[in-house]
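> no sequence for this one, just the structure:
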Ligand SMILES: Nc1ncnc2c1ncn2[C@@H]1O[C@H](COP(=O)(O)OP(=O)(O)OP(=O)(O)O)[C@@H](O)[C@H]1O
């Protein structure tokens, strides 16, 4: 086991609460990485493994309200072996988007494709799809049945999918992959006999046993002690290195995104408003919303951006840029000075994500590459002599 700094790293100014990959738990496994910070991003080439194109999900609204546009025009591609972190405040649509990508919710518009083929929502092919894309939930205590042994918990997926190979060998292999070794020592244990980190490994083994190509991990370390978070992050990175496993990691925690992701997608009110390499998005954010999220981290430079205006409500998505009613750039007059205030109030932008390869300006009228912000585009088009970078305050 590799010793690692006690404090987690994270983007500049992060609280350091995530736990860096390589910190220890009692598992006796050997997950470690070369140290804190974003792992060097491999080059991801070729077509996305999993993609959403203009995906929308609208739920019936509360009485008297319009439909809740939980996912409202999302374009995202995840390439084989790539780890994408999906971040944003509570209620922005992260879980709904994750459920769309898992095939648990059929989009009301747009489409999801896997391996180049649109998802078929009829029973049999959906079942086959769900083998290839597995979910890891945030709370191992909640997702493990206390009356099931580790063996049964891990074998459950095999039984659901009618696996006809050597079940015992498959369970042992999955447990081994998560660092629970020797696996047989864990077969007859119950969840209450395990540490939190070991329970999360069992949950991950239950996902791995079907040999998926992509994991959707919903807050995978949120319920764990800081001391074991790093172990689980290191495990996910090791699985990517060894198995080429891709992952979408849904999280509120920008420190976690920094530690694990190749790219970060920032979601606001049902739509991805910025996406890019983790180093770029978390150290040089282009969207005012991303800037605001980063500004409230405890050690962030400058003053925190206090977002004013109506809290986001998916039954009342504003006309124009969906962030404009709270945008510190528009409200502070910067957008006027850049000559884009009218566009902010009248035109929303939709990101076209090529799964890591896209640049800006690759779309049609109201679509852009990596940041959905008129002001950011105007500023960047004018270069260093254009309007200055925003102060990180309201
Ligand atoms: N089944 C549903 N019926 C109606 N509205 C829903 C339903 N599921 C989600 N919503 C609404 O859709 C919006 C997005 O919810 P979602 O759970 O996807 O957000 P989230 O970003 O994952 O939030 P959190 O981080 O708190 O889990 C919320 O306003 C939520 O109230």
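Cool, the structure landed. Model, not experiment: these values are computed from the prediction.

> Domain parsing of the chain, as residue ranges.
60-261, 284-385 (automatic domain parsing).

> out of those domains, which comes closest to the ligand?
Relative to the ligand, the nearest member of those by Cβ to the nearest ligand atom is domain 60-261, separated by 3.1 Å. (Each C-beta comes from the backbone N, C-alpha and C, glycine too.)

> The closest one: end-to-end distance?
End-to-end distance of domain 60-261 (Cα to Cα, to the nearest Å): 34 Å.

> any residue of that domain up close to the ligand?
Yes - judged by Cβ under 6 Å from any ligand atom, domain 60-261 and the ligand are in contact via 68, 70, 88, 90-96.

> residues of stretch 187-205 that come out buried?
Within stretch 187-205, the residues scored as buried using 16 or more other Cβ atoms under 10 Å are 187, 189, 191, 194, 196-205.

> could those go into TSV alongside pLDDT?
Compiled in TSV, those are given as follows (pLDDT from 0 to 100):
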residue	pLDDT
187	98
189	98
191	95
194	95
196	90
197	92
198	94
199	94
200	92
201	95
202	96
203	94
204	95
205	96
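
> Widest-spaced pair of those residues?
187 and 196 (19.6 Å; Cβ to Cβ).

> and the domains of the chain, which one is worst for confidence?
Of all the domains of the chain, the minimum mean pLDDT falls on domain 284-385 (a mean of 84).

> chain center to that domain: distance?
Domain 284-385 sits 20 Å away from the centroid of its parent chain (Cα atoms, centre = their mean, to the nearest Å).

> And stretch 130-141, by the same measure?
With Cα atoms, centre = their mean, you get 14 Å for stretch 130-141.

> do stretch 58-69 as well
Counting by Cα atoms, centre = their mean, stretch 58-69 comes out at 25 Å from the chain centroid.

> What's the end-to-end length of it?
4 Å.

> Would you map the helices across this structure?
Per DSSP state H, the chain carries helices over the ranges 94-101, 123-132, 140-143, 150-160, 167-177, 196-208, 226-243, 254-260, 278-283, 288-295, 328-331, 334-337, 341-346, 374-382.

> Including distance to residue 107, could those go into JSON lines?
What follows is those, written out as JSON lines (distance: least, Cβ to Cβ, whole Å):
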{"stretch": "helix 94-101", "distance to residue 107": "5"}
{"stretch": "helix 123-132", "distance to residue 107": "14"}
{"stretch": "helix 140-143", "distance to residue 107": "25"}
{"stretch": "helix 150-160", "distance to residue 107": "24"}
{"stretch": "helix 167-177", "distance to residue 107": "31"}
{"stretch": "helix 196-208", "distance to residue 107": "23"}
{"stretch": "helix 226-243", "distance to residue 107": "27"}
{"stretch": "helix 254-260", "distance to residue 107": "25"}
{"stretch": "helix 278-283", "distance to residue 107": "25"}
{"stretch": "helix 288-295", "distance to residue 107": "23"}
{"stretch": "helix 328-331", "distance to residue 107": "30"}
{"stretch": "helix 334-337", "distance to residue 107": "32"}
{"stretch": "helix 341-346", "distance to residue 107": "26"}
{"stretch": "helix 374-382", "distance to residue 107": "27"}
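
> any idea which of those is most buried?
Highest mean neighbour count of the helices of the chain: helix 254-260, a mean of 27 (counted as mean count of other Cβ atoms under 10 Å).

> Can you list the helices and strands that that helix packs against?
strand 83-87, helix 226-243, strand 246-251, helix 278-283 (3 or more Cβ pairs under 8 Å, 6 or more residues apart in numbering; DSSP states H and E).

> let's see 7 Å
If contacts are counted by 3 or more Cβ pairs under 7 Å, 6 or more residues apart in numbering; DSSP states H and E, helix 254-260 sits against strand 83-87, helix 226-243, helix 278-283.

> who's in contact with the shortest one?
Same thing as strand 83-87. 78, 94, 97, 240, 246-252, 254, 257, 260-267 (Cβ atoms under 7 Å, 6 or more residues apart in numbering).

> Among these, name the buried ones.
78, 94, 97, 240, 246-251, 254, 257, 260-267.

> how about the residues of the stretch 251-394 of the chain near the ligand?
When proximity is defined as Cβ under 6 Å from any ligand atom, the stretch 251-394 of the chain approaches the ligand at residue 314.

> could you measure residue 82 against residue 278, distance?
11 Å (Cβ to Cβ, to the nearest Å).

> joint contacts of those two?
262-263.

> what's near enough to touch residue 135?
Counting by Cβ under 7 Å, 6+ apart, residue 135 touches 102, 207, 216.

> and the first one, how many neighbours?
Same thing as residue 102. Residues within reach of residue 102, counting by other Cβ atoms under 10 Å, total 19.

> partners of residue 57 in the sheet?
residue 71 (DSSP bridges).

> Go ahead and confirm it touches residue 108.
Yes - the pair residue 57 / residue 108 is scored as a contact, 5.6 Å apart, by Cβ atoms under 7 Å.

> which one of those two has more residues nearby?
Neighbour totals were compared for residue 57 and residue 108, and residue 57 leads with 24 against 15 (other Cβ under 10 Å).

> hang on, isn't residue 308 packed against residue 325?
No - counting by Cβ under 7 Å, residue 325 is not a contact partner of residue 308; they are 8.9 Å apart.

> okay, those two: which has more neighbours?
Set side by side, residue 308 and residue 325 show more neighbours around residue 325, with 19 against 11, by other Cβ under 10 Å.

> Count the residues that sit near the residue nearest to that one when sequence neighbours are not counted.
In this structure, residue 325 finds its nearest non-sequential neighbour in residue 309, 4.3 Å apart by Cβ to Cβ, 6 or more residues apart in numbering. Using other Cβ under 10 Å, residue 309 is surrounded by 14 other residues.

> start at 35 instead
Let's use 35 as the start, then, which means that last one is residue 343.
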